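Asks: have a look at this fold, sequence not included:
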């Protein structure tokens, strides 16, 4: 069990792009002979892919105008800060 | 771009409020992304994002120009959103269906004037589902997961935005990712 926990840690480290060469070797050796870990690793990679959806999340068109009309437009910002 | 932003910040500090407009235009979608992904509701996200810019403007004098502006701005946005989440009544969060629907509404906006092929509809449902699961994460995992997937943020930057050690950021990403894995493994 201890071994599995260490391997899962390496999977996360892989996804953080922080594996050393040695760790990379340990991970891939283990994955070659452990189906459960293969599945776990696959699910983790897929989770990252699903969560990194960067599809055009955009503000409303009036966003900038709205912000600009809500900030003090002239001079003395400092005194407004209080 | 960083150079242009730096110039604009200097101008705003000198008293030219109008120069702030470029800063808002450049960062608005990123700030909105952080707020939306954390809160799961487009109207609230838009309010929070606007509030974040207004706070950035009023506190600009306290921004240290040797540091990265985006990190400072994201920190304001993240703190505001975390505050809002804390103040919310818990029952709001139990209503998963509403959160999911909100996500869909937002994506629907993108495709208003084209009929959606079936494949895309499924895609929208999937996105709504993923958003629901992210919003269902405990806030301490939610913030790191959201920032982690905002493309250009390194673990170091996330640690600066959230003011916590890199080790804590890593641990929370790992735990948050494991929770999400169990929720998303069957979709």
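Replies: Done, it's in. Here the structure is a predicted model, which is why all the values come from computation and not from measurement.
Asks: quick one, what contacts residue B:184?
Replies: Taking C-beta atoms under 8 Å, 6 or more residues apart in numbering or on different chains as the contact definition, residue B:184 lies against A:43, A:46-47, A:50-51, B:130, B:133. In this view, the C-beta of every residue, glycine as well, is placed from N, C-alpha and C.
Asks: from those residues, list just the buried residues.
Replies: Applying 16 or more other C-beta atoms under 10 Å in any protein chain shown to those, the neighbour count classes A:43, A:47, A:50-51, B:130, B:133 as buried.
Asks: would you agree residue B:20 is in contact with residue B:57?
Replies: Yes: between residue B:20 and residue B:57 a contact is recorded at 5.6 Å, counting by C-beta atoms under 8 Å.
Asks: in the lengthiest helix in chain A, which residues are buried?
Replies: Among all segments of chain A classified by DSSP state H, the helix with the greatest residue count is helix A:35-51. Judged by neighbour count using 16+ other C-beta under 10 Å, the buried positions of helix A:35-51 are A:37, A:40-41, A:43-44, A:47-48, A:50-51.
Asks: now it: average pLDDT?
Replies: For helix A:35-51, the mean per-residue pLDDT is 94.
Asks: helices or strands up against that helix?
Replies: Contact partners of helix A:35-51 among helices and strands, from 3 or more C-beta pairs under 8 Å, 6 or more residues apart in numbering or on different chains; DSSP states H and E: helix A:2-15, helix A:21-33, helix B:118-135, helix B:166-184.
Asks: overlap of the contact sets of residue B:20 and residue B:57?
Replies: A:67, A:71, B:12.
Asks: tell me the angle of the longest helix of chain A relative to helix A:21-33?
Replies: 110 degrees (axes from the mean of the first three to the mean of the last three C-alpha atoms, to 10 degrees).
Asks: can you name the element that comes right after helix A:35-51?
Replies: With elements assigned by DSSP states H and E, the helix or strand that comes after helix A:35-51 is helix A:63-69.
Asks: show me how far that following helix is from its chain's centre.
Replies: A distance of 30 Å separates the C-alpha centroid of helix A:63-69 from that of its chain, computed with C-alpha atoms, centre = their mean, to the nearest Å.
Asks: now what about it, what contacts it?
Replies: Contacting residues not belonging to helix A:63-69 are listed as B:17-18, B:20-21, B:24-25, B:28, B:32, B:46, B:49-50, B:53-54, B:57 [C-beta under 8 Å, 6+ apart].
Asks: which of those lies closest to residue A:9?
Replies: Taking C-beta to C-beta as the measure, residue A:9 sits nearest to residue B:32 out of those, at 33.9 Å.
Asks: for residue B:66, helix, strand, or coil?
Replies: Under DSSP: H, G, I helix; E, B strand; the rest coil, residue B:66 falls in the coil class.
Asks: that one: how many residues sit nearby?
Replies: By the measure other C-beta atoms under 10 Å in any protein chain shown, the count of residues near residue B:66 is 5.
Asks: and for residue B:10?
Replies: Residue B:10 is surrounded by 12 other residues when neighbours are defined as other C-beta under 10 Å.
Asks: that one: which element?
Replies: Per DSSP H and E: residue B:10 is located in helix B:2-14.
Asks: quick one: mean pLDDT for that helix?
Replies: In this model, helix B:2-14 carries a mean pLDDT of 92.
Asks: stretch B:58-66 too?
Replies: Mean predicted confidence for stretch B:58-66 is 93.
Asks: report the distance from it to the chain centre.
Replies: That offset, for stretch B:58-66, works out to 21 Å (C-alpha atoms, centre = their mean).
Asks: so, in contact with chain A or not, that stretch?
Replies: Yes: contact of stretch B:58-66 with chain A (C-beta under 8 Å from any C-beta of the partner chain) involves B:58-61.
Asks: quick check, residue B:70 in contact with residue B:27.
Replies: Yes: the pair formed by residue B:70 and residue B:27 meets the contact definition of C-beta under 8 Å, at 6.8 Å.
Asks: sorry, back to before: so residue B:20 and residue B:57 - more neighbours on which side?
Replies: residue B:20 (24 against 21).
Asks: so for the more buried one, what's the pLDDT?
Replies: As predicted, residue B:20 sits at a pLDDT of 96.
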